[in-house]
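*Asks:* here's a sequence, model it:
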Amino acid sequence: MFSTKSDCPVPFDQQPLNEYLALKESFLFSWSMSTNKSFIVNLFYIFISLFVVFSIFLIVCTNTNNLSQFFLLDLIFSNVVIFFLFIRLYLGWSYVVKRLMSATVFYEESGWYDGQVWIKTSDYLIQDRLIGIYQVKPSIVRIKYSCLSIILNLIVIYLFFLCFE
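*Replies:* Here you go, the predicted model:
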């Protein structure tokens, strides 16, 4: 359900509401907008998949005899990849929420050299800000807390790794 309003001079793909809807329907970003239960289950599936992939990689590339070091190294790699995934989610959603909350929209008509600025009407501004506040910002907060928990998890894993050396 994309927005097509005729009084908006911004090209269809560059309208903040349409950018939000496109991001919301994409595979990676829709996962971050799901319910808490679905979010945690999908995060668990991603973590297990990464853990298996890195286990295979570490078996092939290293000759670690210590099982605890192998396990902790696998956990570190998996958590780092998930951390970068959350950074990507944060950057995408923060760009969209910035454009939704702004009273002006910078857009390009045909290329990088002919940018224009459109001042949103009150209808557009109210609609975009409501979507930004009630739809996007809670996901950004969840992503921030997830990043923080992954950082703490990495610190704990690294400390365990140092103990088993």
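*Asks:* got the phi and psi for Pro9?
*Replies:* When read as degrees, to the nearest 10, the backbone of Pro9 gives phi -80, psi -10.
*Asks:* just the buried residues of the longest helix along the chain, please?
*Replies:* Longest helix in the chain by number of residues (criterion: DSSP state H): helix 67-101. For helix 67-101, burial by neighbour count (16 or more other CB atoms under 10 Å) applies to 69, 71-79, 81-83, 85-86, 89-90, 92-93, 96-97, 99-101. (C-beta placed from N, C-alpha, C; glycine too.)
*Asks:* can you name the helix or strand that Gln116 falls in?
*Replies:* strand 115-119 (DSSP states H and E).
*Asks:* quick one, helices of the protein?
*Replies:* 16-25, 27-32, 36-61, 67-101, 122-131, 137-163.
*Asks:* ok, the strand holding Gln116: who's next to it in the sheet?
*Replies:* strand 104-108 (antiparallel) (DSSP bridges).
*Asks:* distance of the closest residue to Phe51 other than its chain neighbours from Ile48?
*Replies:* Nearest non-adjacent residue to Phe51, counting by CB to CB, 6 or more residues apart in numbering: Ser78, 4.9 Å away. Separation of Ser78 from Ile48 (CB to CB, to the nearest Å) stands at 9 Å.
*Asks:* Leu162 now?
*Replies:* Relative to Ile48, and taking CB to CB, Leu162 is found at 25 Å.
*Asks:* ok, Val141 - contacts?
*Replies:* By CB atoms under 8 Å, 6 or more residues apart in numbering, the contact list for Val141 is empty.
*Asks:* pLDDT score for it?
*Replies:* Looking at Val141, its pLDDT stands at 96.
*Asks:* try Trp112
*Replies:* At Trp112, pLDDT is 69.
*Asks:* low-confidence ranges in this protein?
*Replies:* 1-6, 112 (pLDDT under 70).
*Asks:* if we can go back for a sec, mind listing what the residue nearest to Phe51 touches?
*Replies:* With CB under 8 Å, 6+ apart, Ser78 has these contacts: 47, 50-51, 54.
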